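In: missing the sequence, but the structure's below:
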């Protein structure tokens with residue numbers, strides 16, 4: 001499915017109660033194709049108290065469903081102290097890979113594995129807090145970018161939007177093979193992990209650099 005698209009947009013949806021009260025609700029995301037058509041929907045499943053008390057260190061499960069409501073991907077994690085993770089499962093619960101945050105003193109890094117081929121690394125430069133490069137064997141193979149959502153969404157809803165590119169953004173031919181279908185699902189999970197780790201609501205505000213170990 002995702003192999004049909006050069007890019008997708010992950011658009012967070014925020015409940016009005018969270019906007020006006022600051023109470024953390026379950027995250028929800030629309031996944032849009034380049035034409036703006038919703039092709040997938042992702043929603044978080046976690047307990048009310050763990051969201052309020054544990055913040056973005058909380059255990060959770062995120063399900064990605066197609067327009068018919070069938071679960072295509074489940075990303076879950078346990079409570080963590082320092083470095084986050086997501087364990088991925090495909091339809092029927094089959095193992096589908098991992099997203100693991102790694103320590104990086106000057107910037108941010110995730111390791112992505114779909115269990116089928118060469119892993120992909122996600123690198124977020126220190127001086128470009130909204131940009132995350134996808135690299136395989138040292139070469140760029142794609143990019144995740146937090147986009148400006150407009151004054152209304154940024155100031156009042158605190159909802160984040162991410163543009164996920166599954167091909168090199170410079171358009172130049174790459175010696176690396178294209179991202180496989182399974183790796184594209186892993187990259188999609190990484191975009192959600194980036195939102196949870198670096199742009200999750202902290203002290204009533206979304207944003208922040210999130211360098212080092214934890215993002216709180």
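Out: Looks like it came in fine. Keep in mind the model is a prediction, meaning the values are calculated, not measured.
In: for the rest of this, base every contact and every neighbour count on C-alpha atoms.
Out: Will do.
In: give me the buried stretch members for the lengthiest helix in the chain, please.
Out: Selection of the longest helix in the chain by residue count, based on DSSP state H, yields helix 181-198. Neighbour-count burial for helix 181-198, counted by 16 or more other C-alpha atoms under 10 Å, picks out 182-198.
In: what of stretch 70-79?
Out: For stretch 70-79, burial by neighbour count (16+ other C-alpha under 10 Å) applies to 71, 72, 73, 74, 75, 76, 77.
In: swap in stretch 8-15?
Out: 8, 9, 10, 11, 12, 13, 14.
In: next: stretch 78-88.
Out: For stretch 78-88, by 16+ other C-alpha under 10 Å, it's 83, 84, 85, 86, 87, 88.
In: find the nearest non-adjacent residue to the second one, please.
Out: By that I understand residue 84. Nearest non-adjacent residue to residue 84, counting by C-alpha to C-alpha, 6 or more residues apart in numbering: residue 101, 5.4 Å away.
In: any regions of this protein where pLDDT drops low?
Out: Applying pLDDT under 70 to the chain flags the ranges 15-24, 149-158, 171-173, 201-216.
In: strands of this structure, residue ranges please.
Out: Along the chain, counting by DSSP state E, strands occupy 7-13, 28-32, 38-45, 60-65, 71-77, 85-89, 95-102, 107-113, 120-125, 131-136, 139-147, 161-165.
In: ok, which of those comes nearest residue 174?
Out: Closest approach to residue 174 among the strands of the chain is made by strand 139-147 (7.6 Å; C-alpha to C-alpha).
In: packing partners for that closest one?
Out: In terms of contacts (3 or more C-alpha pairs under 8 Å, 6 or more residues apart in numbering; DSSP states H and E), strand 139-147 is packed against strand 131-136, strand 161-165.
In: against residue 135, how distant is residue 74?
Out: Taking C-alpha to C-alpha, to the nearest Å as the criterion, residue 74 is separated from residue 135 by 24 Å.
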